[in-house]
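Enquirer: Structure of the sequence below:
(2 chains)
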Amino acid sequence: MREVAILGVGMTRFGELWDRSFREIGIEAGFQALVDAKLSSMDLNAFYFGNMASGSLIDQEHIAPLIVDYAGLAGHHLPATRVEAGGASGAVALHQGYLAVASGLYDFVVVGGAEKLTDVPDTEANRVTSGTADHEWEIVFGATLPALWAMVARRHMHDFGTRREELASVAVHAHEMGAKNPNAHYRNRLTIDQVLGASAVAEPLGMLDCAPLSDGAAAVVLGPLDRARKFTDTPIRIAASQVATDTMALQHRRDLTTLDSTVVAAKRAFAAAHLAPKDVRVAEVHDAYTISGLVALEDLGFAAKGAAGKAFADGAYGLGGSTTVNTSGGLKAQGRPFGAVGVAQAVEIVRQLQGEAGERQVAGATVGLTHDVGGTGATSVVHLFERVN
Amino acid sequence: MSIARFWRETPRRYNLGGSRCPNCRAVYFPPRAVCPTCTQHRRTLGRMEPFQLSGEGEVVTYSIVHDASEGFEMQVPYVLAIVRTREGPQLTGQVVDIDPAAVAIGLKVRATFRKLREEGKAGVIHYGYKFTPAEPLPQRPPDRGSPEPSPVPAVRPPGAVRA
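Expert: This next block holds a predicted model:
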């Protein structure tokens, strides 16, 4: 297996991009990444594209060749693959691109991700995204994605004394970071009281505990690490890329407040990279709901079980903490275009490790992590990244 | 949703028909084609036995849902719970015939046969299990505004979907 590096990154703004089409945002992110990598399109060998539900959302399947076509590369007949893993589609696409380069089959690949969630009414978008949970044994009985995560929250509060205000602090932090990110869907700051006072979605979670429905696209260019210096002065090595799965339905989990898929993916990733959670200075974690952000910190090893709420509210994961999370604003503030999320997380970590994160830069970060989840944890993906000196 | 897609699940949704591993005796709901936990995993394929759940259990976690999914809008706010059954498997379903504020982790419940939702005026009517308190609660409020019939036992002969 070859070492794999990220040579370039790009992303669109996330939000309600009503004036832009799916294919427009897809190629914008891809070309940004190619320009950033100083790589000619002619050198590309393959394309992987994370997307959850283009068929339901824009009535268009078969989107990987579509994006390659509108990138002007149809004549090159590139292999192009769409990857679907619910909200973790982009992260699994990154895993596939990593495997392709690591194996030696391809030298240079683009990994993209995009979703267009505001081209349909919210009710339709919620119906489609709920399909990342178990439709037959959860959704049919009245479950929604926020309701399932709310049940994780209720149990976490019951078992560990986690407080509603501690959950709210995850959203407040996300918006604090989003305010510093020009690409973020939400750039307004929030207070704890605003989060607590927002209308209820699925108690104990309210509107401001939940990430928005967003449009957006992101892309990265991957290549062999031993050729990376030709393209960039600051190649970022993918130190580990791990995917793990678990039961589709929350009701069948071993423990309702632990995502075993995340625990396993993280353990495998840290072992493969010979790193530990304490080495990670900057991490993008799956805060689609405030509770999922807290549980992620515990499952990834950044907090003891049950301790993430208090630590978060005390500021342990803000700028200046030993591990700063979601400097992009996370899914909560940067936005949640499902298939683009896992790729955008990698974009943020690369910028952090290159020292290009502007106002939200974590000083001296050399190791970063991304964590993405599909559904309520049937898929988890963990990537570790390291700056090469 | 097509009629066939819902109809084929009726033995499970109407009658809580699960399955049991002939080797390790673990019980599953919904039924499994192969035992997920058994050391004899592959050899259980095709040998899982039907197993009837009692429908009795307790709430292990719950949420009060205000922003409902399609077909449930008229029922908000409603309680969605994960219930651990006496036999072990956990089920997701609504808890009804109770003030949402009275629901708590540990509440003893029993499955009942109810209407789940309608797909518009001409679509399929979905039936299946919901949960009600197993014992009458003190100060239980009158069941105002509920279009649902009084509880019936969970175990019923399979019936046709009434439209």
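Enquirer: Is the residue nearest to B:Gly17 when sequence neighbours are not counted in a helix, a strand, or coil?
Expert: Of all residues not flanking B:Gly17 in the chain, B:Pro11 sits nearest, at 4.6 Å (C-beta to C-beta, 6 or more residues apart in numbering or on different chains). In short, each C-beta sits where N, CA and C put it, glycine included. Recorded secondary structure, B:Pro11: helix (DSSP: H, G, I helix; E, B strand; the rest coil).
Enquirer: separation between B:Pro11 and chain A?
Expert: 13 Å (C-beta to the nearest C-beta, to the nearest Å).
Enquirer: Likewise for B:Ala26?
Expert: Distance, B:Ala26 to chain A, by C-beta to the nearest C-beta: 12 Å.
Enquirer: which ones are touching that residue?
Expert: By C-beta atoms under 8 Å, 6 or more residues apart in numbering or on different chains, the contact set of B:Ala26 is B:20, B:35, B:37-38, B:88.
Enquirer: Quick check on those residues: which are buried?
Expert: B:20, B:35, B:38 (16 or more other C-beta atoms under 10 Å in any protein chain shown).
Enquirer: Wasn't B:Arg42 part of a helix?
Expert: Yes. Applying three-state DSSP, one finds B:Arg42 inside a helix.
Enquirer: ok, and the closest non-adjacent residue to it?
Expert: Closest residue to B:Arg42 apart from its sequence neighbours, by C-beta to C-beta, 6+ apart: B:Val34 at 7.4 Å.
Enquirer: okay but that neighbour is in contact with B:Tyr28, surely?
Expert: No. Distance between B:Val34 and B:Tyr28: 10.0 Å, which falls outside the contact criterion (C-beta atoms under 8 Å).
Enquirer: Who has more neighbours out of those two?
Expert: Neighbour comparison, B:Val34 and B:Tyr28: the larger count goes to B:Tyr28, with 22 against 16 (by other C-beta atoms under 10 Å in any protein chain shown).
Enquirer: what pairs with that one across the strands?
Expert: Beta bridges link B:Tyr28 to B:Ser19 when assigned by DSSP bridges.
Enquirer: Identify the residues contacting it.
Expert: By C-beta under 8 Å, 6+ apart, the residues touching B:Tyr28 are B:18-21, B:35-36, B:48, B:51, B:89.
Enquirer: now, among the contacts of B:Ala26, which is nearest to A:Gly104?
Expert: Proximity of those to A:Gly104 (C-beta to C-beta) peaks at B:Thr37, which lies at 38.5 Å.
Enquirer: which ones are touching the closest one?
Expert: Going by C-beta under 8 Å, 6+ apart, B:Thr37 touches B:21, B:24, B:26.
Enquirer: One more pass at 7 Å, please.
Expert: Applying C-beta atoms under 7 Å, 6 or more residues apart in numbering or on different chains, we find B:Thr37 in contact with B:24, B:26.
Enquirer: With A:Leu300 instead?
Expert: Contacts for A:Leu300 (C-beta under 7 Å, 6+ apart) come out as A:262, A:266, A:277, A:285, A:371.
Enquirer: hang on, the earlier thing: okay, now the residue nearest to B:Gly17: neighbour count?
Expert: If you count neighbours by other C-beta under 10 Å, B:Pro11 ends up with 13.
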